[in-house]
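K.L.:
Here you go, sequence then predicted model.
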Amino acid sequence: MLAPSAEPVLTIRDLRLGFGTRRHQTEVLHGISLHVRAGEKVALVGESGSGKSVTARLAMGLLQESPRTHAIGSIRFDGIEAISGGREIARRRGNRVAMIFQDPTSALNPTFRIRGQFRDVLRSGDRSIRDDEADRRAEAALAEVSIPDPKRALDSYAFQLSGGMNQRVMIAMALANRPALLMADEPGTALDVTVQAQTLGLMHELTERRGTAVLLISHNLGVVREFADRVYVIYRGRMVEHGTTAQLFRDPRHPYTRALLAAIPKISGGGLPDLPERSPDFDQPMVVHEGCGEPAERRS
Amino acid sequence: MSAILELDRVGKTFTADGHHVVALEDVSLAFERGECHAIVGESGSGKTTLANLVLGLIPPTAGAIRFNGVPLPGERSREQRRSIQLVQQNPLSALNPRRSVGASVRLPLDVHGIGTSASRAGRVAALLEEVGLDGDYARRSPRGLSGGQRQRIAIARALACEPELIVLDEPTSALDVLVQARVLQLLHRLRVARGLTYLFITHDLAVVRAIASRVSVFQKGRLVETGPVEAIFSDPKTAYTRQLIGAVPVVTDEEARLRDAIRGGAVPMDAT
């Protein structure tokens, strides 16, 4: 077991999020908590509208600037409080915390070659880095994600590379500054299954080797089972189940998790069970598996 | 067995600025009446080109397409167009947002002159009921509806034409998994009740296993493997099919065993 005294890389506590004006707010997160320890691979799994992507965006400090966003609770990342966003968290983006998005081709800037974008990324970690040194590091990083001709890739625009290649470029960029935490929001969902499997394998291998913590945001339980050590299931802005990957897939306990697992078509067959799209049972209290509680509140 | 749809050495080459792109090459395939025949492949495999050819949206550059034994001409008759319908992946862009649900479902009835003008409102209500929506939906706009509800409406609109064959192009891949399960069940029930034939295009092999009876695997415009679903999943003949099944993210130990065996080239006896 990990030493309980070590503060997790990311700790979210009682996070509530509302959109709208002060008077008319729609609450989309109703008090969720999660944590990711150093080197851990944690998944946040849910369907559309569950609140999983906004949670990641809040943790990156990307939503707080909008005047229609009202977040309360606590998001501790890298020793700072990020609930209000601001410069401290912005300074850590691309550096201490990096993100990989669903569609790599649209996440890259179409008007600049990969080379310039890669230099910018490396500069956010080391402002004094020279162009030739940045290019050398970029080439090494692209070679590490098995891009056959890194020099040519650096001279390309995103639209000249395949989706799979762009995803590799994104992974290389995201990990270039050795972040403590990588957020991966539906990585590879826009790609073919064989390419998706390759990029997930690659991401797993690299983060494992470097001890990077990962928060994987996904709707795909199969991807989660393959990738994560620990899983949170989120349903309509509430956590419903939390356990290790083995606990959750061998012994799903919350009615919603059970329904999800039953509804997924299986390559081993078995047809389709008769399940409701919604049920009052899905609103039952959260199930936390043995040994998977949230860390005790920090006293300061 | 009688084939409702036959592709006989069909090819499609796109030409632009002197460049030729072969989208589909030498495909011969028969679709039996009443079956759900899945077409799987990754991007660039030619599965969408195949759908467009079957729908008559583009002409083949080689070979012939026969429907009920009759070669389909370049310019199809109204009857031929009515008999083959389409349900697309994204039901929001497939429905006119400025038209009520009822008007969208009614349009094909007007176009094809099905029923009398007076009987059509009743038909629309019956079609909505058949896909699990009550008649009140006819007055609503597709904008306020969920993805699953919109897809049901797209299915009702396809059924309005009384088709024999429906091309389903990734009909559930934009839906949440619980909604997908309901829509797949609905499609299955409708096929059995109406004796429909499905040409079901998907990239999801687990969906194939759940709903299809036959599957054809495409790669780079070529048909690489075709057969009954059980046979393809218990003993895939080509490396490409093994690779596709081997890449599926799975959720149960039973699936993982089957997949690992397929990756390794051997399949355990109890796999199916």
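P.N.:
Perfect, I can see it now.
K.L.:
wait, what's in contact with residue 55?
P.N.:
Because you didn't say which chain, this covers chain A. Contact analysis of A:Thr55 by C-beta atoms under 8 Å, 6 or more residues apart in numbering or on different chains lists A:12, A:15, A:29, A:32, A:34, A:44, A:217, A:234. C-beta here means a position set from N, CA and C on the backbone, and glycine is covered the same way.
K.L.:
actually chain B
P.N.:
Neighbours of B:Leu55 in contact, by C-beta under 8 Å, 6+ apart: B:84, B:86, B:167.
K.L.:
Got the phi and psi for the last one?
P.N.:
Listed backbone geometry of B:Val167 is phi -90, psi 120, with angles given as degrees, to the nearest 10.
K.L.:
Help me confirm that it comes into contact with B:Gln85.
P.N.:
Yes: with contacts counted by C-beta atoms under 8 Å, B:Val167 reaches B:Gln85, the gap being 7.2 Å.
K.L.:
related to what we said a few turns ago, tabulate the contacts of A:Thr55 in TSV, adding columns for secondary structure, neighbour count and distance to B:Leu29.
P.N.:
What follows is these, written out as TSV (DSSP: H, G, I helix; E, B strand; the rest coil; neighbours: other C-beta atoms under 10 Å in any protein chain shown; distance: C-beta to C-beta, whole Å):
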residue	secondary structure	neighbour count	distance to B:Leu29
A:Ile12	strand	26	52
A:Leu15	strand	23	53
A:Leu29	strand	25	49
A:Ile32	strand	22	50
A:Leu34	strand	22	49
A:Leu44	strand	27	42
A:Ile217	strand	26	40
A:Ile234	strand	24	43
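K.L.:
Farthest-apart pair in the residues you listed, please.
P.N.:
Using C-beta to C-beta, the contacts of A:Thr55 reach their maximum pairwise distance at A:Leu15 and A:Ile217, which is 14.5 Å.
K.L.:
Dump stretch B:88-108 to CSV, keeping only the CA atoms.
P.N.:
Written as CSV, here are the backbone C-alpha positions of stretch B:88-108 (Å, rounded to 0.1, in the frame of the first residue of the first chain):
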residue,chain,number,x,y,z
GLN,B,88,-27.8,7.2,-40.6
GLN,B,89,-25.4,7.5,-37.7
ASN,B,90,-26.3,11.0,-36.5
PRO,B,91,-30.0,11.4,-36.2
LEU,B,92,-29.8,15.1,-35.4
SER,B,93,-28.3,16.0,-38.8
ALA,B,94,-30.6,13.5,-40.5
LEU,B,95,-33.8,15.3,-39.2
ASN,B,96,-34.8,18.7,-40.4
PRO,B,97,-34.8,20.8,-37.2
ARG,B,98,-37.4,23.2,-38.6
ARG,B,99,-39.9,20.5,-39.2
SER,B,100,-41.9,18.8,-36.5
VAL,B,101,-41.3,15.1,-35.9
GLY,B,102,-44.7,14.3,-37.4
ALA,B,103,-43.9,16.2,-40.6
SER,B,104,-40.6,14.4,-41.0
VAL,B,105,-42.2,11.0,-40.7
ARG,B,106,-45.1,12.0,-43.0
LEU,B,107,-42.9,13.4,-45.8
PRO,B,108,-42.1,10.0,-47.4
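K.L.:
Give the closest residue to whichever residue of the stretch 101-250 of chain B sits closest to chain A in space, chain neighbours not counted.
P.N.:
Here the stretch 101-250 of chain B gets closest to chain A at one residue, B:Pro249, 2.7 Å apart by C-beta to the nearest C-beta. Distances taken as C-beta to C-beta, 6 or more residues apart in numbering or on different chains put A:Gly222 closest to B:Pro249, at 2.7 Å, once the chain neighbours are dropped.
K.L.:
for that neighbour, helix, strand, or coil?
P.N.:
helix (DSSP: H, G, I helix; E, B strand; the rest coil).
K.L.:
you'd agree it is up against B:Val250?
P.N.:
Yes: between A:Gly222 and B:Val250 there is a contact under C-beta under 8 Å: 5.2 Å.
K.L.:
low-confidence ranges in the chain?
P.N.:
No chain specified, so I'll use chain A. Within chain A, the stretches with pLDDT under 70 are A:1-5, A:298-300.
K.L.:
Chain B was what I was after
P.N.:
B:1, B:265-272.
K.L.:
the helices in it, which residues?
P.N.:
B:47-55, B:78-83, B:91-94, B:101-111, B:120-130, B:147-160, B:177-194, B:205-211, B:229-234, B:239-246, B:253-264 (DSSP state H).
K.L.:
in the longest one, what's buried?
P.N.:
Read that as helix B:177-194. By neighbour count on 16 or more other C-beta atoms under 10 Å in any protein chain shown, the buried set for helix B:177-194 is B:177-188, B:190-191.
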